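J.: Kindly return the folded structure for what I paste below:
(one chain, ligands or ions: 1)
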Amino acid sequence: MSRDTVIVLKSINYSEADKVLIVFGKRMGKFALFAKSIRKINSKNRGNIQTLNISDISFYEGKGLPVLTESQLIYAPDTDILKNRVEDIKRVLDIMTKILQENDPNEKVFNMLRSVCKKNFDIESINRFRAIFLKEMGYLSDFSVCNMCGSKKDLKYMDLGSFALLCKNCYSKAGKSYKLGDNPYVEKNFTQALDIYIKRVIEEI
Ligand SMILES: [Zn+2]
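T.: As a prediction, the model looks like this:
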């Protein structure tokens, strides 16, 4: 029997009573899990493995997909928040389901995603998470230097094409850029620029 703490990323109906779950485990990384009879009303695991729940699970690894045996719920996001923040939640789930490789554990990404869940998917924590995720996966340049000259000073502009920072001497030479505010992570520009960049990354995978 194996154990892990997982965040449920996706849940796919499979036959009348079963589901296949895509989960992100702290120890195992992303993997698919077979949840037998989970759709039955009396299933004891049923309430613990909704999308974006965090649970401790036990599973059996044999031939084929690992099979869920037991689960214990650690955290479930507020259902009203899940209903009202569909767009923002999709921003998180898209990168986890489409960019993250299977069986590639990353504790830093796991801990950050857990904290995004606990912060009710506010846009600041989502954008911070997405930027760090892209950096961890090797899709983002170094945010501590100007993407053109390498300077560490006056990094006040965002290059929209490459989602990289530019200094005040370089930004006018870039194609399209915008000036960052005091807290870039909450700005609409930042969210949109990140959306566009992530879409491109997904298309190129
Ligand atoms: Zn520069």
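J.: can you confirm residue 126 is in a strand?
T.: No. According to DSSP: H, G, I helix; E, B strand; the rest coil, residue 126 belongs to no strand; its state is helix.
J.: That one contacts residue 85, doesn't it?
T.: No. Using CB atoms under 8 Å, residue 126 is not in contact with residue 85; the gap is 9.2 Å. C-beta coordinates here come from the backbone N, C-alpha and C atoms, glycine included.
J.: where does the residue of the chain most remote from its centre land on pLDDT?
T.: In the chain, counting by CA atoms, centre = their mean, residue 169 sits farthest out from the average C-alpha position, at 33.9 Å. At residue 169, the model reports a pLDDT of 96.
J.: now the strands for this protein?
T.: With DSSP state E, the ranges of strands along the chain come out as 2-14, 18-25, 29-35, 54-60, 67-75, 157-159, 164-166, 177-179.
J.: Can you name every helix or strand that the longest one contacts?
T.: Under the contact definition 3 or more CB pairs under 8 Å, 6 or more residues apart in numbering; DSSP states H and E, strand 2-14 sits against strand 18-25, strand 29-35, strand 54-60, helix 86-98, helix 107-118.
J.: export the longest one as CSV, just CAs?
T.: Coordinates of each C-alpha in helix 86-98 appear next as CSV, following Å, rounded to 0.1, in the frame of the first residue of the first chain:
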residue,chain,number,x,y,z
VAL,A,86,-14.6,29.5,-12.2
GLU,A,87,-12.3,31.6,-14.5
ASP,A,88,-9.6,32.1,-11.9
ILE,A,89,-9.7,28.5,-10.9
LYS,A,90,-9.4,27.5,-14.5
ARG,A,91,-6.2,29.6,-14.7
VAL,A,92,-4.7,27.3,-12.0
LEU,A,93,-6.1,24.0,-13.3
ASP,A,94,-5.0,24.6,-16.9
ILE,A,95,-1.3,24.8,-16.1
MET,A,96,-1.5,21.8,-13.7
THR,A,97,-3.4,19.6,-16.2
LYS,A,98,-1.7,20.8,-19.4
